[in-house]
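coordinates for the following, if possible.
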Amino acid sequence: MKKVWWILIIIGIVLIGWMFVRFVLGGSEDDWIKDSRGIYIKHGNPGSVPDYVREQQDAVDCALNLYNTKKQEGMQFSGQCLGKCSNYAVDIVHVPRTNEDNLTENQCSDYREGKVSKFIELDKNGGIVRIS
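Below you'll find the predicted structure:
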């Protein structure tokens with residue numbers, strides 16, 4: 001009978017330890033995470049949208065509006081800077097990326113000069129390639 005109690009105590013300690021690691025050290029399951037492109041997406045069912053996520057969402061909306069405006073004006077996209085949205089430079093890049101896309105002189109001047117600290121890269125069809 002004593003063995004059964006010891007086994008139950010050990011199982012209880014292991015379960016408490018697992019719950020501590022999962023829920024205290026592991027963080028909330030209902031949160032915002034970045035996907036492979038750097039876009040914040042919901043993970044679970046977060047109760048609110050943090051300011052940093054809302055800022056990125058607003059910048060993405062602005063970038064897509066910039067793209068659509070330039071497209072309606074007849075711009076042919078081939079790797080140029082479209083402008084800036086909040087603290088983001090909006091740049092057209094090749095897919096797949098080429099060495100040309102990585103050259104400093106081919107980055108948006110606002111980003112190069114430190115006027116903005118983040119960027120949104122779009123492909124020539126307006127798809128999001130990367131956000132940083």
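
distance from the longest helix along the chain to the middle of the chain?
Assignment by DSSP state H gives helix 51-72 as the longest helix of the chain. Mean-position distance between helix 51-72 and its chain equals 14 Å (C-alpha atoms, centre = their mean, to the nearest Å).

what about that helix, average pLDDT?
Per-residue pLDDT over helix 51-72 has a mean of 97.

and the angle from the helix or strand following it to helix 51-72?
Using DSSP states H and E, the helix or strand that follows helix 51-72 in sequence is strand 81-85. Here the directions of strand 81-85 and helix 51-72 differ by 140 degrees (axes from the mean of the first three to the mean of the last three C-alpha atoms, to 10 degrees).

strand 81-85 pairs with which strands, and in what direction?
Neighbouring strands of strand 81-85 in its sheet, by DSSP bridges, are strand 88-92 (antiparallel).

immediately after the partner strand, which helix or strand?
Immediately after strand 88-92, counting by DSSP H and E, sits helix 99-102.

flag every buried residue along that next one.
For helix 99-102, a neighbour-count test (16 or more other C-beta atoms under 10 Å) marks Asp101 as buried. Every residue, glycine included, has its C-beta placed from N, CA and C.

what about it, distance to the chain center?
21 Å.

by contact count, what packs against the helix or strand of the chain with the lowest mean pLDDT?
When each helix and strand of the chain is scored by mean pLDDT, DSSP states H and E, helix 2-19 comes last, with a mean of 81. Identification of packing neighbours for helix 2-19 by 3 or more C-beta pairs under 8 Å, 6 or more residues apart in numbering; DSSP states H and E yields no helix or strand.
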